[in-house]
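[1] only geometry, no sequence info:
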């Protein structure tokens, strides 16, 4: 028929893998167990913090946005607390220092986090195995993710309204003096503002005349990636290439045997 076939080696029943594969499986299982443990611990801490704050919830006056719950807490804060059903909570000290329009702006920003499911993503990302956890790259990735979340929430709250963006920038500087940021180390929460090096970047972004346009797609890297993928598909279409790939994986499985 002219159809070329690839005679791959037959898997033999009872074939044993080498110690390298066994070690890799152990490391993978350990990472998976560690991720589950982190997820459960963080969820339990978050639930405990949420319940404790709600125990100190107080009745609010008509000024307060209905989406916001006032909490009689000695520590000033305002944050979206919880994983699957997060709630916007704020200490009475923060509420008393803000007017109605400022409270509405805080609620709009935190609603942006709610719409983006940021708390769920914080929880998942914090639990996932991370081979870069002890490298500077890890901190860069985490910072970039937090910046993107805050920027998206700011944009949802203000849109392209220049006055609203300026008001939000001023409000960030006001609230950070009262509530400097997240006060529960392991709980899942999206604070309205944190006193960090990123605050200046966030404020400067808000008071620009125009919103930053999305970064254009890098044509060069994308073209290179597509070319590489096309080359790999062309190579793997060859029966001989498939046989080589099979042999390589067989060698890795039997490594150290």
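    Done, it's in. Computed from a predicted model, the values in this text were never measured in an experiment. Numbers count the residues shown, from 1 in each chain.

[2] contacts, neighbours, all on C-alpha from now
    Will do.

[3] Would you tell me what the next helix or strand after the helix or strand where residue 41 lies is?
    Here residue 41 sits within helix 19-55, counting by DSSP states H and E. Where DSSP H and E defines the elements, the next helix or strand beyond helix 19-55 is strand 68-71.

[4] For the helix or strand following that following strand, enumerate the helices and strands it packs against.
    Going down the chain from strand 68-71, the next helix or strand is strand 78-81, by DSSP H and E. Using 3 or more Cα pairs under 8 Å, 6 or more residues apart in numbering; DSSP states H and E, the elements in contact with strand 78-81 are strand 87-91, helix 100-115, strand 189-191.

[5] Deepest-packed of those, please.
    Highest mean neighbour count of the helices and strands packed on strand 78-81: strand 189-191, a mean of 25 (counted as mean count of other Cα atoms under 10 Å).

[6] and that strand, which strands flank it?
    strand 78-81 (antiparallel) (DSSP bridges).

[7] wait, is residue 132 part of a strand?
    No. Using DSSP: H, G, I helix; E, B strand; the rest coil, the assignment for residue 132 is coil, not a strand.

[8] What strand or helix carries the closest residue to it other than its chain neighbours?
    Leaving aside its sequence neighbours, residue 132 sits nearest to residue 138 (Cα to Cα, 6 or more residues apart in numbering; 5.4 Å). According to DSSP H and E, residue 138 maps onto helix 136-158.

[9] Low-confidence regions, this structure specifically.
    1-18, 59-66, 181-183, 209-222, 236, 253, 255-257 (pLDDT under 70).

[10] now do 80
    In the prediction, the chain carries residues with pLDDT under 80 at positions 1-22, 24, 59-67, 129-135, 138, 180-185, 195-197, 209-228, 230-257.

[11] re earlier: output the contacting helices and strands for the next helix or strand after the helix holding residue 138.
    Next along the chain after helix 136-158, taking DSSP H and E as the criterion, comes helix 162-178. Judged by 3+ Cα pairs under 8 Å, 6+ apart, the packing partners of helix 162-178 are helix 92-96, helix 136-158, helix 198-206.

[12] count of residues packed around residue 25?
    The local packing of residue 25 (other Cα atoms under 10 Å) involves 12 other residues.

[13] what do you get for residue 73?
    Number of residues near residue 73 (other Cα under 10 Å) recorded here: 14.

[14] please begin residue numbering at 48 from this point
    OK, 48 is where the count begins now, so the last one is residue 120.

[15] Please give me every residue in contact with it.
    100, 103, 138-139 (Cα atoms under 8 Å, 6 or more residues apart in numbering).
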